[in-house]
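**Student:** pasting a predicted model and its sequence here:
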Amino acid sequence: MRALFAVALAGCSTTAVHGHAVTLRPACGPNTIWNGASCAPAGDAPKQLAAGAAAVAAQDPEAIAAAVSAAEKSGPLDYSSNIKLWEERGIGLAYGDDDPGAKTAFDMMLALDPGHVLSYQLSPKATLVFEEVRKAQPIAPTIDVNWSRGQKVGDPLPIDIEVVADRKKFLDRATLFVRSRGESGWHATDLVLAKDKTVVLPAIHSDKPVSLELYLRAYDSHNNEVLSWADPQHPRELALRYEPPTPWFRKWWVWAISGSVLALATGVTVYELTIAPPDTVGGSATVAH
């Protein structure tokens, strides 16, 4: 199964599809990020946010602000770190009696993760402000990823990607991750959300049905991860049916040749029966004595 996409990248198909044909690159491994050219080491934002969590426990707004600022500068942030940053920022601002600033931070946190909640062990100075924001039920950013049914092995694979909701206007680009079930590693392709509404993945070549696994990550203009559609542990699946190649004796050109031969044979028979001169000529001969 591992060779499916390696072959697919070099393969071609005559099936007509509409969309932006893309190539696939190996996905980056843990603790690395794609910088547009290669997989680079990730920053130390998690370390800075751990310091921020300690400052939250100490209810020290200045230390919280310092840790959050350091984490922001060490980005880009992965999805969980991005949520944590806005949570700590909101708590720190609430502890510093900046309720409007805290509401803005919590609103951003809920835009990233609408189901997120604060620990009940926090001071009411933070939790009361958070509850005011949460009751407003902000609209979550949403991306739809769809494909048509009945796609098959050997054909290019169009995937429709649409931004449905983006009230913060932070859905800038995305990376679509894909692999065939059974592969250990993921492949990835990068796209601009405002532009690439349909991407066409390379055809997969196999001699049996294939189940394709997919998930997507969206990023803001600073390359911080802001949305997760499915995930590596729970990907969506696209089933590709397999159609065996047509046996040679059933192909159209075989029947065309056979038809031509049959027509030629029929013509010869008709000629032999109706037009061709006979082997003997009737009549009589008189011999003079």
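**Tutor:** That came in fine, so what should we check first?
**Student:** let's verify Met108: helix, strand, or coil?
**Tutor:** At Met108 the chain is in helix, as set by DSSP: H, G, I helix; E, B strand; the rest coil.
**Student:** can you list the weak-confidence ranges in the stretch 151-289 of the chain?
**Tutor:** Low-confidence segments of the stretch 151-289 of the chain, defined by pLDDT under 70: 247-289.
**Student:** any chance you could map the strands in it?
**Tutor:** Secondary structure of the stretch 151-289 of the chain (DSSP state E, counting those that start in this stretch): strands at 157-165, 173-180, 187-192, 198-201, 210-219, 225-229, 236-240.
**Student:** can you redo those as JSON lines with mean neighbour count and distance to Gly101?
**Tutor:** Where you see a C-beta, it was placed from the backbone N, CA and C, and this is true even at glycine. Shown next, in JSON lines, are the strands of the stretch 151-289 of the chain (neighbours: other CB atoms under 10 Å; distance: least, CB to CB, whole Å):
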{"stretch": "strand 157-165", "mean neighbour count": "17", "distance to Gly101": "25"}
{"stretch": "strand 173-180", "mean neighbour count": "21", "distance to Gly101": "28"}
{"stretch": "strand 187-192", "mean neighbour count": "18", "distance to Gly101": "32"}
{"stretch": "strand 198-201", "mean neighbour count": "20", "distance to Gly101": "39"}
{"stretch": "strand 210-219", "mean neighbour count": "20", "distance to Gly101": "25"}
{"stretch": "strand 225-229", "mean neighbour count": "21", "distance to Gly101": "20"}
{"stretch": "strand 236-240", "mean neighbour count": "16", "distance to Gly101": "38"}
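**Student:** okay, now the domains of this structure?
**Tutor:** Listed by automatic domain parsing, the domain ranges of the chain are 41-135, 141-240.
**Student:** could you confirm Ala70 falls within a helix?
**Tutor:** Yes. Looking at Ala70 with three-state DSSP, it is inside a helix.
**Student:** what sits against it?
**Tutor:** For Ala70, the contacting residues are 48, 51, by CB atoms under 8 Å, 6 or more residues apart in numbering.
**Student:** centroid residue for this protein?
**Tutor:** In the chain, the C-alpha nearest the mean C-alpha coordinate belongs to Leu176, at 3.2 Å (CA atoms, centre = their mean).
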